[in-house]
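>>> how would this look folded up:
(2 chains)
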Amino acid sequence: MNSTVLAALVSGALFGLGLAISGMTDRRVILGFLDLFGEFNPQLAYVLAGAVAVTAIAFRFVLNLPRPALAAGFQLPAATAVDRRLLLGAGIFGIGWGLVGFCPGPALVGLAGGLRDAMIFVPAMLAGSYCHYLLERRARIGEE
Amino acid sequence: MNNWAYGLFGGVLIGLSATLLLWSIGRIAGISGIVNGLGTAPRSDRSWRLAFLLGLMTAGGIALQFLPYAPMRAQTGSTPLLLLAGLLVGFGTRMGGGCTSGHGVCGLGRLSWRSLAAVLTFMAAAIATVFIVRHLTGAPE
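You can find the predicted model right below:
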């Protein structure tokens, strides 16, 4: 196993542990957070605060390094514009998230942990992503 | 489950995970992006994605077997609703270029306005959806 793969494996494991320990795979907890006008559950705010507190500080140091430890360069998203595609996509994601309380990471961990709801949700999620890929490819071919 | 200590601790682990991935191989720990790249990225760019997802699902899946507050494994939601929500989440995260991890944990961490706009939008859409489902229609989840 090379060091790149090992780093990704350890990073993924930390992420999965974090999602499980923080309770994010329980979609009732997520729906509780989103239910501002009902039985509000602040759990997600603690998790996001803990995570962003680390990244906001650590990313500064890391991104000031000349390059990553095991790669030629940082590969950050190139897009910076707040455009229609970003907002529409985020809006569609938000509706799906609010309907059942699963987002991609917790759903994958839930699937691995044997949650029946995640076993139904994840294949549909992959299908939805593939639908967008196909639509976009068709639009690109149409332009050419 | 509502426990600030577990929440903060888990959140810090997630932040450390994203930091490790950026520091080591220069990549953003966005789950939807990592998954989507499995199908579209060049072959040489796939092994780290597979390794990350393997670690995520193995460690997270095992942890769920031991946590006393892990969610019930039995199905609790309506199948059509889970399918519809899955389609929307998959489609929307690909279109919007990220989910709670890529735009939320990583994008906010690098102070990206684009990610902040995405986070505010999906939070608002999700809050509105929950309001409509729980308080206007009274339908079960």
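
>>> What helices and strands are in contact with the longest helix anywhere in chain B?
In chain B, taking DSSP state H as the definition, the longest helix is helix B:4-25. When contacts are defined as 3 or more CB pairs under 8 Å, 6 or more residues apart in numbering or on different chains; DSSP states H and E, helix B:4-25 packs onto helix A:3-21, helix A:43-63. In this view, the C-beta of every residue, glycine as well, is placed from N, C-alpha and C.

>>> tell me the angle of whatever helix or strand comes next after that helix relative to helix A:3-21?
Once helix B:4-25 ends, the next helix or strand along the chain (criterion: DSSP states H and E) is helix B:31-40. Using axes from the mean of the first three to the mean of the last three CA atoms, to 10 degrees, the inter-axis angle of helix B:31-40 relative to helix A:3-21 is 140 degrees.

>>> just how off-centre is helix B:31-40 within its chain?
In terms of CA atoms, centre = their mean, to the nearest Å, the centre of helix B:31-40 is set 13 Å apart from its chain centre.

>>> and the angle for the next helix or strand after it with helix B:4-25?
Per DSSP H and E, helix B:31-40 leads on to helix B:47-66 as the next helix or strand towards the C-terminus. Angle, helix B:47-66 to helix B:4-25, by the same axes, to 10 degrees: 160 degrees.

>>> where does the chain dip in pLDDT?
Just going to use chain A. Scanning chain A with the threshold set as pLDDT under 70 gives A:144.

>>> Switch to chain B, please.
B:138-141.

>>> residues contacting residue A:77?
Contacts for residue A:77 were tallied using CB atoms under 8 Å, 6 or more residues apart in numbering or on different chains; they are B:28, B:97, B:98, B:112, B:114.

>>> What is the nearest of those to residue A:121?
Each of the contacts of residue A:77 was scored against residue A:121 by CB to CB, and residue B:98 proved nearest at 18.4 Å.

>>> Give me the nearest residue to that closest one, chain neighbours excluded.
residue B:30 (5.0 Å; CB to CB, 6 or more residues apart in numbering or on different chains).

>>> Show me what the longest helix along chain A packs onto, helices and strands only.
If you go by DSSP H, chain A has its longest helix at helix A:116-143. Here helix A:116-143 touches helix A:84-100, helix A:104-112, helix B:31-40, helix B:79-96, going by 3+ CB pairs under 8 Å, 6+ apart.
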